[in-house]
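>>> dropping the sequence and predicted coords here.
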Amino acid sequence: MHERNVLAGGFGAVLREARRERRLSAAALARRCGCSTSLVEQLERGTCRLRVRTVTVLAYALDPDAPDPLAERLRAAAGQSLRPDTARSERAWSRRTVGAFVAGARPLPSEIARSIALHTEAAACRRTALALLDQPDAMHNAAVLARARALLERGRTADAAAGPPVELRFGSHPPRRYGFGF
């Protein structure tokens with residue numbers, strides 16, 4: 001009972017505060033982590049002990065750009081109740097987080113997300129320009145050529161701003177590739 005009170009008052013309070021600061025519900029945080037809503041609620045109430053990897057997953061889901069400071073706060077708040085990971089818990093969290101990434105529920109660091117968005121925009125511009133040029137008599141229509149040229153230029157600008165191509169690998173799923181280099 002004492003450990004439950006310590007977890008609820010320490011770890012649970014820090015987790016709840018961090019979640020609310022980011023305006024996330026327990027269900028939204030659970031989706032980002034790839035776990036159940038009840039697990040997040042139990043952690044906040046202090047009714048279940050947690051493992052090191054659980055803290056890491058929660059911190060990353062709450063702050064993908066800088067998870068380390070939050071992870072340290074959560075680890076400190078958990079204190080002696082923090083259990084070491086087992087091979088089974090590592091595999092389980094690995095499957096959960098891959099599932100959350102593949103489903104699009106888990107956020108990527110903003111720099112990577114920005115790069116992917118720009119590469120995606122560039123690809124859309126190229127597809128649209130090529131579709132315009134594929135129309136009958138497109139090569140004889142100045143308006144179509146001007147529009148295609150503007151789209152291709154916008155795509156080049158987006159690619160330049162995006163930086164190098166990005167490849168995301170999630171477990172055994174096929175890699176997702178973004179950028180002109182692929």
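Now that the structure is in, tell me what you want to look at.
>>> please list all residues in contact with residue 112.
residue 166 (C-beta atoms under 8 Å, 6 or more residues apart in numbering). Just so you know, the C-beta spots here come from the backbone N, C-alpha and C atoms, and that holds for glycine as well.
>>> now residue 7
Residue 7 sits in contact with 43, 46, 47, 49, 78, 81, where contact means C-beta under 8 Å, 6+ apart.
>>> which strand or helix spans it?
Assessed by DSSP states H and E, residue 7 sits inside helix 2-7.
>>> and that helix, what's its mean pLDDT?
What helix 2-7 shows for mean pLDDT is 70.
>>> buried ones among the contacts of residue 7?
Applying 16 or more other C-beta atoms under 10 Å to these, the neighbour count classes 43, 46, 49, 78, 81 as buried.
>>> turn the residues you listed into CSV, columns for distance to residue 87.
Output for these, formatted as CSV (distance: C-beta to C-beta, whole Å):
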residue, distance to residue 87
43, 22
46, 26
49, 18
78, 21
81, 21
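>>> so among the residues you listed, where is pLDDT lowest?
residue 49 (80).
>>> next SSE after the top helix by length along the chain?
Longest among the helix segments of the chain by residue count, using DSSP state H, is helix 110-133. Following helix 110-133 in sequence order, the next helix or strand is helix 142-162 (DSSP H and E).
>>> residues of that following helix that come out buried?
Under 16+ other C-beta under 10 Å, the buried positions of helix 142-162 are 144, 147, 148, 151, 152, 154, 155, 158, 159, 162.
>>> nearest to residue 88 among the residues you listed?
Taking C-beta to C-beta as the measure, residue 88 lies nearest residue 162 of these, at 39.2 Å.
>>> for the closest residue to the closest one other than its chain neighbours, which residues are in contact?
Nearest residue to residue 162, sequence neighbours excluded (C-beta to C-beta, 6 or more residues apart in numbering): residue 118, at 3.5 Å. By C-beta under 8 Å, 6+ apart, the contact list for residue 118 reads 158, 159, 161, 162.
>>> and the residue of the chain most remote from its centre, how far from residue 19?
The outermost residue of the chain relative to its centre, with distances by C-alpha atoms, centre = their mean, is residue 140 at 45.7 Å. For residue 140, the distance to residue 19 equals 60 Å [C-beta to C-beta, to the nearest Å].
>>> so the residue lying closest to residue 27 once chain neighbours are set aside versus residue 28, what's the distance?
Spatial nearest neighbour of residue 27, excluding adjacent residues (C-beta to C-beta, 6+ apart): residue 37 at 4.6 Å. Between residue 37 and residue 28 the computed distance is 9 Å (C-beta to C-beta).
>>> go on, residue 125?
Distance from residue 125 to residue 28, by C-beta to C-beta: 32 Å.
>>> more neighbours: the two, which one.
Taking other C-beta atoms under 10 Å, residue 125 and residue 28 do not tie; residue 125 has more neighbours (21 against 16).
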